[in-house]
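Student: the sequence and its predicted three-dimensional model are supplied below.
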Amino acid sequence: MRLPDIPLRHHRTVRTAAALGTGALALVRRRDVSAEYQGSLRAGTALANAGLTWLTGSSAFLGRVGGSSGLDEFLELFTSRDSGPVRYAAAPGDVERESFEGEDGQDTWWDEHASVTSSAFLNAVTAAAAGAASWALWPLTERLAEKVDEKLPSGVGRGLNAVVNGGLVAVTAVLIDKVEKWADDVEELNYAPLEIELPAHIRESVDTLLSLPHPNSEASAEAVREQFASAKFFVWVTYPDSLYSGDEPVVLDPEQIEQLLKDEDIASIDVRPDESTPSAAPARHTYPVTGITGGSADEGGTVRSGDHAGISNGGLELTLDIVDGRLTSVDLNEVDDEPFTDLLSAEALRESVPGTLHPGSLHDEDGGYSSSFEIADGDVEDAVRTLERWPRPDEYIFRSDRERP
């Protein structure tokens with residue numbers, strides 16, 4: 001056991017001993033012993049104060065089971081060597097340290113161990129300083145205590161002093177728990193990818209999109225279909241430290257997964273196809289068939305799903321992104337409803353040569369890049385797209401981009 005790392009399971013015992021010990025020490029007076037033993041009493045009092053200071057600086061006093069008092073974080077400001085995390089792997093009947101190398105190639109276990117040792121050393125130094133102060137101030141504190149005793153009925157001064165000193169230690173422990181509870185309530189959120197089972201309505205929508213004729217290459221369409229069928233799917237979610245605070249992958253139960261996805265705004269699903277599937281061409285492109293909600297039919301280039309053309313669902317577009325010949329994401333983004341406006345007229349284009357500036361084009365009310373808009377709280381709430389709120393297959397109008405001469 002590394003000092004002051006008393007196991008947290010003993011925190012009640014440590015706190016009780018610290019409170020009772022502080023109270024008992026306040027009962028002792030130098031007049032209780034003869035002059036020849038007062039030096040020994042002074043030394044014993046100094047040692048007792050040092051021990052109680054060390055005890056109240058231990059992790060078992062400052063922390064509760066499952067929580068952090070913040071002592072380690074505070075001490076890291078003075079003792080940390082900017083080390084990386086230490087990873088532990090459970091072995092049958094024991095805990096094995098897994099070597100973890102930081103960016104500088106150094107094994108960071110020693111850095112972590114040194115940080116704990118520094119914390120213990122700092123606590124020991126503080127305890128020694130408290131003992132030295134107790135020794136130096138003992139005559140003064142005894143004179144003050146005796147003056148208080150003279151003004152109060154016999155025994156009352158001692159008892160009052162014991163209650164106040166022991167009570168302060170006990171109240172400090174309670175306040176530490178209150179601070180820890182407050183810290184738990186405002187714990188930091190983390191952000192990480194979560195592998196999911198693709199919801200049935202999203203899979204069906206993508207399957208429908210991929211079943212439509214590819215405007216350029218059926219071979220490319222077949223490659224993307226194979227990739228999608230073999231793929232794993234990931235979404236980025238926020239999660240609290242109370243769920244998991246380590247660095248290694250962890251399998252969550254269905255209830256935890258549901259909780260993470262319940263209010264998560266998801267506009268993109270990462271796709272990781274099996275490596276054995278064929279590549280699509282071209283290597284980087286947006287798949288030339290998309291699904292649009294709330295859109296209108298495009299002559300010759302739109303394929304309707306059932307009789308649901310013109311359904312309004314906020315103007316969203318379902319697209320597939322291809323990178324290095326691999327399907328990398330399924331995206332659902334808002335459709336840009338702004339029509340394309342050429343800032344230059346046909347006449348201006350005919351008369352323009354390299355080096356020609358056209359400032360007058362920005363005077364058009366429809367030109368330029370300035371805009372003014374207002375977002376209401378309701379709009380922000382409506383904009384949250386959980387996986388469950390992604391459109392159903394019959395809400396899309398599927399549109400293909402055909403080759404043009």
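Tutor: Sure, I can see it. Numbers count the residues shown, from 1 in each chain.
Student: from here on, contacts and neighbour counts on C-alpha atoms
Tutor: Fine.
Student: what residues of stretch 29-43 count as buried?
Tutor: Neighbour counts over stretch 29-43 (16 or more other C-alpha atoms under 10 Å) mark 29-30, 41-43 as buried.
Student: whoops, I mixed them up, stretch 46-66
Tutor: Per 16+ other C-alpha under 10 Å, stretch 46-66 contains these buried residues: 46-64.
Student: what of stretch 225-245?
Tutor: For stretch 225-245, the neighbour count (16+ other C-alpha under 10 Å) marks 225-228, 231-237, 239 as buried.
Student: least confident of those?
Tutor: The lowest pLDDT within the buried residues of stretch 225-245 belongs to Tyr239, which sits at 84.
Student: pretty sure it sits in a helix.
Tutor: No: membership of Tyr239 in a helix is not supported by DSSP: H, G, I helix; E, B strand; the rest coil, which gives strand.
Student: quick check: the gap between it and Gly166.
Tutor: For Tyr239, the distance to Gly166 equals 41 Å [C-alpha to C-alpha, to the nearest Å].
Student: one more: Arg30?
Tutor: Separation of Arg30 from Gly166 (C-alpha to C-alpha) stands at 20 Å.
Student: where does the nearest residue to Asp207 once chain neighbours are set aside fall, phi/psi-wise?
Tutor: Excluding the flanking residues, the one nearest Asp207 by C-alpha to C-alpha, 6 or more residues apart in numbering is Arg225, at 7.9 Å. Per-residue torsions, Arg225: phi -60, psi -40 (degrees, to the nearest 10).
Student: thought Thr208 was touching Arg225, still the case?
Tutor: No: taking C-alpha atoms under 8 Å as the definition, Arg225 is not a contact partner of Thr208, at 10.6 Å.
Student: and Lys147, how many neighbours?
Tutor: 12 (other C-alpha atoms under 10 Å).
Student: what about it, helix or strand, and which?
Tutor: Take DSSP states H and E as the rule and Lys147 turns out to sit in helix 109-151.
Student: name the helices or strands packed onto that helix?
Tutor: Applying 3 or more C-alpha pairs under 8 Å, 6 or more residues apart in numbering; DSSP states H and E, one finds that helix 109-151 contacts helix 38-56, helix 71-79, helix 156-185.
Student: could you dump the ones you listed to CSV with distance to Leu344 and mean pLDDT?
Tutor: Converted to CSV, the helices and strands packed on helix 109-151 look like this (distance: least, C-alpha to C-alpha, whole Å; pLDDT from 0 to 100):
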stretch, distance to Leu344, mean pLDDT
helix 38-56, 77, 86
helix 71-79, 60, 43
helix 156-185, 57, 79
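Student: where's Asn49 relative to Leu25, distance?
Tutor: Applying C-alpha to C-alpha to Asn49 and Leu25 gives a distance of 8 Å.
Student: how about Pro393?
Tutor: 77 Å.
Student: please identify which of the two sits among more neighbours.
Tutor: Neighbour count, other C-alpha under 10 Å: between Pro393 and Leu25, Pro393 has more, with 22 against 18.
Student: Three-state assignment for the residue lying closest to the more buried one once chain neighbours are set aside, please.
Tutor: Sequence neighbours aside, Ser205 is the residue nearest to Pro393 in space, at 4.5 Å (criterion: C-alpha to C-alpha, 6+ apart). Secondary structure, three-state DSSP: Ser205 is helix.
Student: quick one: pLDDT of Ser205?
Tutor: 96.
Student: what about it, neighbour count?
Tutor: Ser205 has 21 neighbours, counted by other C-alpha under 10 Å.
Student: pretty sure it is touching Arg392, no?
Tutor: Yes: the pair Ser205 and Arg392 qualifies as a contact (C-alpha under 8 Å) at a distance of 6.7 Å.
Student: do I have it right that Ala132 meets Thr45?
Tutor: No: between Ala132 and Thr45 there is no contact under C-alpha under 8 Å: 10.3 Å.
Student: which residues in the stretch 301-405 of the chain form strands?
Tutor: 302-304, 316-323, 326-334, 397-400 (DSSP state E, counting those that start in this stretch).
Student: and the nearest residue to Gly51 once chain neighbours are set aside, how close does it get to Thr238?
Tutor: Nearest in space to Gly51, with sequence neighbours left out and distances taken as C-alpha to C-alpha, 6+ apart, is Ala127 at 6.6 Å. As judged by C-alpha to C-alpha, Ala127 and Thr238 stand 42 Å apart.
Student: and what of Asp32?
Tutor: From Asp32 to Thr238 the distance is 63 Å (C-alpha to C-alpha).
Student: same check on Asp274?
Tutor: Plainly put, Asp274 is 27 Å away from Thr238 if you go by C-alpha to C-alpha.
Student: repeat for Leu212
Tutor: Distance of Leu212 to Thr238, given as C-alpha to C-alpha: 36 Å.
Student: what of Trp135?
Tutor: Trp135 is 54 Å from Thr238, by C-alpha to C-alpha.
Student: so where's the protein uncertain?
Tutor: Under the criterion pLDDT under 70, the flagged ranges of the chain are 1-5, 8, 63-119, 181-188, 242, 245-246, 295-314, 336-343, 361-383, 402-405.
Student: again, only using 50
Tutor: Judged by pLDDT under 50, the chain has its weakly predicted residues at 1-3, 64-113, 297-313, 365-381, 403-405.
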